[in-house]
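Enquirer: Return atomic coordinates for the entry below.
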Amino acid sequence: LTMDLRFRNVNAAACRMLGYSRDELLLLSLHDIDPDYSHESMQSDLELLKRAGTLSLRGSHTARDGRIIPVEITPSYLIYSDVEYICCIVRDITECVKTEEAVRMSQFIIDKASFGIIRGQADAKILYANEYAARMLGYTQDELCSMTFFDIDPSLTRAFWQEHRKKVTATGSNTFESEHRRKDGTTYPVEVIVNYQKFQGQEFSCSFFRDITERKRAEVALRKAYDELESLVRERTGQLTSLTAELSLAEERERRRIATE
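Expert: Okay, the predicted model is just below:
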C-alpha cells in the first residue's frame, strides 16, 4: 500500500482470496475492500505503525462476490527509494473465528448452566467456577478462584480427599453426597459428580453439583410416612392377632358347650 492506502502491489494469493485480478486490485484502495475501516481508525493505526514499525490487527475484507472474510493483518512500515509504503501480510482466519465462536458458545453454556460446575487441581485449589456455583455459594467467581474445595465443603477431610483422588484417577469419575457452606456460613446438601481430566499435560477435576435440599426433604417425608405406615401395620397386625385369638377362644368355648349338651 502507498500512504494514501491504495494498492501498489498484490500477490496471487490476495487475488484468489478476494476474487479480483491483479490489474483490478491495483485500481482499488483499502477502503474498497474494507469499507467499515473508519478514517479515524486508519489514522490512529498509521501513527502507531510509524512508531512501532509493525502491528497485529484483525479486521474483515469484502470479496468481489460480497463474501465477508475475517482476516488477520500484520502491517509493516518501510521506506524504499525515499518513498513510504505499508506492506501487509493478510491471512484468512475464517476457521479460526469459527473455532473461537464455538469456544465462546461452549463457555457461555457452561456459565449459564442450571447446576454448579467447578474445575479444580489435585491439591484441591479451585481454578474456575460457573455463575450458578458462585450464586449458590454467595461468592463472586473471582473469590471462588482464590479458594479450595475445603473452604466450601465443611465435611471434606484430608483422608476423604486422598481416597477420592485415588478413585477418580483410577476410574475417571466419582459420585457422592456432601454439603456446601455458603459465604454467610449456612450449609446445604449437594450431590457431586466429579470427572477426572487431562488436558495438554495438566491434570484437573471437573465437579458438577446440585442442591438436593428438596430431595432430602422428600426423603425425610417418605421415611416418616414409611415409619408411620409400619407403625400402623404393626398396630393393625396386633389388633388382628388379638381378634383372631379371641375368635379362636370363642369357637373353643362353643365346641365345648355343644359337646356337653
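Enquirer: Quick one: list the elements packing against the longest helix seen in the chain.
Expert: In the chain, taking DSSP state H as the definition, the longest helix is helix 213-260. Helix 213-260 sits against strand 187-199, with contacts defined as 3 or more Cβ pairs under 8 Å, 6 or more residues apart in numbering; DSSP states H and E. Quick note: C-beta positions are derived from backbone N, CA and C, even for glycine.
Enquirer: Not counting the strand it packs on itself, show me its contacts.
Expert: 116, 136, 154, 164, 168-169, 172-182, 203-213, 215-216 (Cβ atoms under 8 Å, 6 or more residues apart in numbering).
Enquirer: Can you go through the residues you listed and name the buried ones?
Expert: 116, 136, 164, 168, 174, 178, 180-181, 204-212 (16 or more other Cβ atoms under 10 Å).
Enquirer: Tell me which of the residues you listed fall in helices.
Expert: 136, 164, 168.
Enquirer: contacting residues for the second one?
Expert: Pointing back at residue 164 there. Counting by Cβ under 8 Å, 6+ apart, residue 164 has contacts 174, 176, 194.
Enquirer: how much space between the second one and residue 14?
Expert: If I follow you right, that is residue 176. According to Cβ to Cβ, to the nearest Å, residue 176 and residue 14 sit 59 Å apart.
Enquirer: Same check on the last one?
Expert: Here the distance between residue 194 and residue 14 works out to 51 Å (Cβ to Cβ).
Enquirer: So for those two, which residue has more residues nearby?
Expert: When residue 194 and residue 14 are compared for neighbours, residue 194 comes out ahead with 21 against 17, by other Cβ atoms under 10 Å.
Enquirer: which stretches of the protein have low pLDDT?
Expert: Flagging of the chain using pLDDT under 70 yields the residue ranges 261.
Enquirer: And the strands in it, which stretches?
Expert: 57-62, 68-80, 83-92, 116-120, 126-129, 173-181, 187-199, 202-211 (DSSP state E).
Enquirer: Can you lay out these as CSV showing distance to residue 109?
Expert: Putting the strands of the chain into CSV (distance: least, Cβ to Cβ, whole Å) gives the following:
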stretch, distance to residue 109
strand 57-62, 25
strand 68-80, 23
strand 83-92, 28
strand 116-120, 10
strand 126-129, 14
strand 173-181, 21
strand 187-199, 16
strand 202-211, 13
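Enquirer: List just the one of the ones you listed that sits closest to residue 255.
Expert: strand 173-181 (61.1 Å; Cβ to Cβ).
Enquirer: Sheet-wise, list the partners of that closest one with their directions.
Expert: Sheet pairing here is set by DSSP bridges, and for strand 173-181 it gives strand 187-199 (antiparallel).
Enquirer: For the partner strand, buried residues please.
Expert: Result for strand 187-199 [16+ other Cβ under 10 Å]: buried residues 189-192, 194, 196.
Enquirer: Go through those and say which is closest to residue 50.
Expert: residue 196 (52.6 Å).
Enquirer: any idea how far residue 122 is from residue 163?
Expert: According to Cβ to Cβ, residue 163 stands 14 Å off from residue 122.
Enquirer: what pairs with residue 78 across the strands?
Expert: With DSSP bridges as the rule, residue 78 is bridged to residue 85.
Enquirer: That one and residue 88 touch, don't they?
Expert: No. Counting by Cβ atoms under 8 Å, residue 78 does not reach residue 88; the two are 11.2 Å apart.
Enquirer: Looking at those two, which is more packed in?
Expert: In this view residue 78 and residue 88 are compared by other Cβ under 10 Å, and residue 88 has more residues nearby, 17 against 12.
Enquirer: you'd agree the more buried one is up against residue 1?
Expert: Yes. Counting by Cβ under 8 Å, residue 88 does reach residue 1; the two are 6.5 Å apart.
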